[in-house]
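Colleague: model the structure of this input:
(one chain, ligands or ions: 1)
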Amino acid sequence: MPMVKIFLKSRISHRIERGHPWIFGNEIERIEGEPAGGEIVDVFFHNRKFAGRGYINPKSQIAVRLLTWDKSEQINHEFFFRRIRDAWQYRIKIGFKNSFRLVFGEADFLPALVIDKFEGYFVLQTLSLGMDKWKETIVAVLNDLFRPLGIYERNDVPVRELEGLTQVKGFLSEPFDTRIRIEENGLQFLVDVENGQKTGYFLDQQENRKEIRHIVKGAEVLGAFSYTGSFEVQAAHFGAKNVLGFDISPLAVEMANQNAALNGMEASCRFEQANAFDILKKFTRDKSSFDVVMLDPPAFTKSRENIENAVRGYKEINLRGIKLVKPGGFLVTSSCTNLVSPELFLSTIDSAAHDAKRKLRQVVFRTQSPDHPIMSNLENTNYLKFLIAEIL
Ligand code: SAH
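Modeller: Predicted structure coming up:
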């Protein structure tokens, strides 16, 4: 049983009552005991009723993250085994097979833990001190449950510094060739779990990539922010006449061209290194146009203070993108930050269309794949916006 007891103030946010796992420092009235960073603690409401059990980090703004609301549940190997097994069974139940996000942090009741499964390989991130302490246990559980071909840690993430952790990456298993081949929608993609972005591949757009299948038939397609080419190679596969993809990262461009070749699409699908803002401007200057323009930019902001900058960024690239779409063609556009709400995203695109003197007809509006579940009481789990619109 945890030694340290945390008592909350009498007026606490509705958030905690609704089962949100985060407790901020200013919501705590009193701490009984002297907790070490990362230690498991019990949390009580002001009336001494049990609120939950979790880990503490006095150095972090998020002082406690709850792991369980069940007083009898201990935090140990079996706990992680049950949580990870349940997360796996849930993915299987909703139709995932070989490659998917196995654990999506808070939405799987494992705050600050991310695990992606790429065929027989696993990539993990422990993004808080309290979760980092359980890294060996988590690896042992993965070994028990999956007998993995390999496990890699991508903890080279700045957010760890807010927790007093350093950035690290490396093997948590015997070393292996870190370029893994996965299958998506019947196509092959290389995932570089060591040098790729985030965990190596954006699984969250898996289902959205299928949504382009009708609109790209016979089309000339432009893809900006193409990373390793997953949207673009699929566009070529679904029958696009030709596809041009651009990314600022030379490594991404190299892998994208490899992915096109891997699927026999190198004749119709080509990638070059360029800044998307410049290349969109250049195409406008050259009076080029496309049947389909696809944009999948990075988050543009990580903090609430910079939302306006992010919105400006989205507006600018979408305005430029819309101008390049032939009448009756399509814009495929995404935003991956929870700081920009679906409403704000749609109104930003709408305002870009207005400025471009074009009309926009919504074809598809979706969020991320369900292996990144949205929980109604955790607002930042609803983060991805994916829009296909006809541009008239
Ligand atoms: N569409 C991709 C994911 C894109 S992630 C997929 O489905 O896998 C965002 C990408 O934008 C990253 O690859 C990053 O290298 C790239 N990027 C960031 N800023 C850029 C810029 N100014 N111009 C072009 N690419 C940029």
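
Colleague: make it CA atoms for all contacts and neighbour counts henceforth
Modeller: Will do.

Colleague: number of nearby residues for A36?
Modeller: 13 (other CA atoms under 10 Å).

Colleague: actually S249, sorry about that
Modeller: 17.

Colleague: i'd like the first residue to be 17 from this point on
Modeller: From this message on, residue numbering opens at 17, which makes the last subject S265.

Colleague: can you tell me the closest non-neighbouring residue to it?
Modeller: Q289 (6.6 Å; CA to CA, 6 or more residues apart in numbering).

Colleague: could you check how far that neighbour is from the ligand?
Modeller: 8 Å (CA to the nearest ligand atom, to the nearest Å).

Colleague: quick check: bridge partners of that residue?
Modeller: On the basis of DSSP bridges, Q289 is bridged to D263.

Colleague: state the pLDDT value of it.
Modeller: Q289 is assigned 98 on the pLDDT scale.

Colleague: isn't it right up against M271?
Modeller: No - using CA atoms under 8 Å as the test, Q289 is too far from M271 to be in contact (11.5 Å).

Colleague: please, which helix or strand holds V308?
Modeller: strand 306-311 (DSSP states H and E).

Colleague: so which bits of the lengthiest strand in the chain are buried?
Modeller: If you go by DSSP state E, the chain has its longest strand at strand 341-351. Neighbour-count burial for strand 341-351 flags 341-343, 345-351 (criterion: 16 or more other CA atoms under 10 Å).

Colleague: go on, stretch 323-334?
Modeller: 323, 326-327, 329-334.

Colleague: what's next to that stretch, contact-wise?
Modeller: 292-293, 296, 311, 315-317, 349, 351, 355-356, 361, 364-365, 367-368 (CA atoms under 8 Å, 6 or more residues apart in numbering).

Colleague: one more time with 6 Å, if that's ok
Modeller: With CA atoms under 6 Å, 6 or more residues apart in numbering as the test, stretch 323-334 has contacts from 316-317, 364, 368.

Colleague: how far is that stretch from where the chain is centred?
Modeller: Relative to its chain's centre, stretch 323-334 lies at 19 Å (CA atoms, centre = their mean, to the nearest Å).

Colleague: so who does E236 touch?
Modeller: So E236 contacts 257-258, 306-307 (CA under 6 Å, 6+ apart).

Colleague: nope, P386 is what I meant
Modeller: Going by CA under 6 Å, 6+ apart, the list of residues near P386 is empty.

Colleague: ok, now how distant is it from the ligand?
Modeller: Distance from P386 to the ligand, by CA to the nearest ligand atom: 16 Å.

Colleague: do you know the pLDDT at that residue?
Modeller: Reported pLDDT for P386: 98.
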